[in-house]
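Asker: Test case, fold it:
(chains A, B, C and D)
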2 protein chains.
Amino acid sequence: MPPKSDLSLLNCSLARALSCVGDGWTLLIIRDAFFGLSRFSDFQKSSGVARNILARRLEALIAAGILRREGSDTRPLYRLTEKGRALLPALVALMQWGDRWESNDCPPVAVTDAEGGVVAPVRVETSAGEAVTAETVRFAAGPGADPRTAAFLARR
Amino acid sequence: MPPKSDLSLLNCSLARALSCVGDGWTLLIIRDAFFGLSRFSDFQKSSGVARNILARRLEALIAAGILRREGSDTRPLYRLTEKGRALLPALVALMQWGDRWESNDCPPVAVTDAEGGVVAPVRVETSAGEAVTAETVRFAAGPGADPRTAAFLARR
DNA sequence: TTGGAATAGTTTCATTATGCAACCAAATCA
DNA sequence: TGATTTGGTTGCATAATGAAACTATTCCAA
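Answerer: The predicted structure follows:
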């Protein structure tokens, strides 16, 4: 990853998102938190990340407001905040892409709702419910665009 | 990022997905490809990534089948393959998360379809159309689960 | 109450990746 | 023909990572 300051200064939500979770281990830790893990050693065993790296990632995730430290100070629980839970669509979309393109359509993990109803492929659609594909998607300057971003997107 | 070999060996589609795109710059390059950029120097200017790093990332993305090299050998175009285009839902989901949680709900980039219809927030739903949230989502062993993964998921 | 194991880290150090700048070669422009 | 643009590569200093050893509490059990 680039130095965090650079990326988060770029006027792009994706860059800002990646400055929080754009690291190989971070999304795996968040996935484990969705799986229900909450202890340091469980995260460590599940993902195999080195302990010192895990400590730093947890610290960064707490600083970013994605995890919250709960319980005893010496043996804390790490739990997803609302901001962390809001990553579910991105996480599931990435898992599905991995299922389809890197696991031969043979998912190691099945995602369902509480009743066991299997999730459908995550899609992009308009508020009118029309599917948006790579062929039809368009990007334009949004309300938060700075002049440079606006100029760049207008040129396309 | 962890060494690519480790992550891609983990029996997890997310880990495998991240071994392709789980690097700070890679998704930005893919975003730029969705924006329509296709030249080395355009990617470089847009994201600000160092030229040597960009060269390596492009090579890795081609090796992963996400980009394809087209046109002249000395001045190639880099274009998304079908596999690359399939990343749209994950990309949009991450952008929307960044919009909501890191850009004060003021998106620098607006995503629309070809007619300008604004995209809705990407959601996870069952094939029956029921919304799946962080509170209701469940993870179970899938058809591709190895014994270790299955045991882990069963314990939860 | 004392010894052992588990938890949650921190520290150290070798290896690897990154970022910058300079350099190079082919193609294009003037 | 000479200058500029494009698409890289190379070398080097700096930063991040990974493995292993170490520390400090806490928990458990005899």
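
Asker: what sits against A:Pro121?
Answerer: When contacts are counted by C-beta atoms under 8 Å, 6 or more residues apart in numbering or on different chains, A:Pro121 touches A:96, B:89. Yep, even glycine has a C-beta here, placed from its N, CA and C like the rest.

Asker: so what's the residue of chain A most remote from its centre scoring on pLDDT?
Answerer: Ranked by distance from the centre of chain A (C-alpha atoms, centre = their mean), the top residue is A:Arg155, with 29.8 Å. We note a pLDDT of 72 for A:Arg155 in this prediction.

Asker: again with A:Asp6
Answerer: Reported pLDDT for A:Asp6: 53.

Asker: Same question for A:Asp146.
Answerer: Confidence score, pLDDT, at A:Asp146: 85.

Asker: what about it, distance to A:Asn11?
Answerer: Distance of A:Asp146 to A:Asn11, computed by C-beta to C-beta, to the nearest Å: 5 Å.

Asker: helices and strands of chain A: which one bottoms out on pLDDT?
Answerer: helix A:4-9 (a mean of 52; mean pLDDT, DSSP states H and E).

Asker: what about the following helix or strand past it, near DNA strand C?
Answerer: Using DSSP states H and E, the helix or strand that follows helix A:4-9 in sequence is helix A:13-21. No: if you take C-beta under 7 Å from any atom of the strand as the test, helix A:13-21 misses DNA strand C, and the best it gets is 11.3 Å.

Asker: for chain A, which spans come out with low pLDDT?
Answerer: Counting by pLDDT under 70, chain A has low-confidence residues at A:1-10, A:156.

Asker: According to the record, where do the domains of it fall?
Answerer: A:4-85, A:89-118, A:123-156 (automatic domain parsing).

Asker: buried residues in stretch A:62-72?
Answerer: A:64, A:66-68 (16 or more other C-beta atoms under 10 Å in any protein chain shown).

Asker: near DNA strand D, which residues of chain A show up?
Answerer: A:1, A:3, A:23, A:25, A:48-53, A:56, A:72, A:74-75.

Asker: 6 Å - rerun?
Answerer: Residues of chain A lying close to DNA strand D by C-beta under 6 Å from any atom of the strand are A:23, A:49-53, A:74.

Asker: Give me the buried entries from those.
Answerer: For these, a neighbour count by 16+ other C-beta under 10 Å gives the buried set as A:23, A:49.

Asker: can you tell me which of the residues of chain A next to DNA strand D are in helices?
Answerer: Among the residues of chain A next to DNA strand D, the members found in helices (DSSP state H) are A:51-53.

Asker: ok, and of the residues you listed, which contact DNA strand C?
Answerer: A:51-52.

Asker: how about JSON lines for the ones in helices among the residues of chain A next to DNA strand D, with distance to B:Ala134 added?
Answerer: Formatted as JSON lines, those follow (distance: C-beta to C-beta, whole Å):
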{"residue": "A:Arg51", "distance to B:Ala134": "27"}
{"residue": "A:Asn52", "distance to B:Ala134": "29"}
{"residue": "A:Ile53", "distance to B:Ala134": "25"}
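
Asker: before we move on, back to that, so between A:Asp146 and A:Asn11, which is more surrounded?
Answerer: Ranked by neighbour count (other C-beta atoms under 10 Å in any protein chain shown), A:Asp146 and A:Asn11 place A:Asn11 first, with 19 against 11.

Asker: Quick check: that one vs chain B, distance?
Answerer: Per C-beta to the nearest C-beta, to the nearest Å, A:Asn11 is found 5 Å from chain B.

Asker: what do you get for A:Cys106?
Answerer: Distance from A:Cys106 to chain B, by C-beta to the nearest C-beta: 4 Å.

Asker: burial count for that residue?
Answerer: A:Cys106, neighbours per other C-beta under 10 Å, totals 12.

Asker: how near is it to B:Gly142?
Answerer: Distance, A:Cys106 to B:Gly142, by C-beta to C-beta: 7 Å.

Asker: which residues of chain A fall in strands?
Answerer: For chain A, strands defined by DSSP state E occupy the ranges A:67-70, A:77-80, A:109-112, A:138-141.

Asker: just the domains of chain A: most buried one?
Answerer: domain A:89-118 (a mean of 20; mean count of other C-beta atoms under 10 Å in any protein chain shown).

Asker: Show me how far it is from its chain's centre.
Answerer: 14 Å (C-alpha atoms, centre = their mean, to the nearest Å).

Asker: Span of that domain from start to end?
Answerer: Length of domain A:89-118, first residue to last, C-alpha to C-alpha, to the nearest Å: 14 Å.

Asker: shared neighbours, A:Asp146 and A:Asn11?
Answerer: In contact with both A:Asp146 and A:Asn11: B:Pro108, using C-beta under 8 Å, 6+ apart.

Asker: do you know how far whichever residue of chain A sits closest to DNA strand D is from B:Leu80?
Answerer: Using C-beta to the nearest atom of the strand, the closest approach of chain A to DNA strand D is made by A:Ala50 at 3.9 Å. Separation of A:Ala50 from B:Leu80 (C-beta to C-beta): 34 Å.
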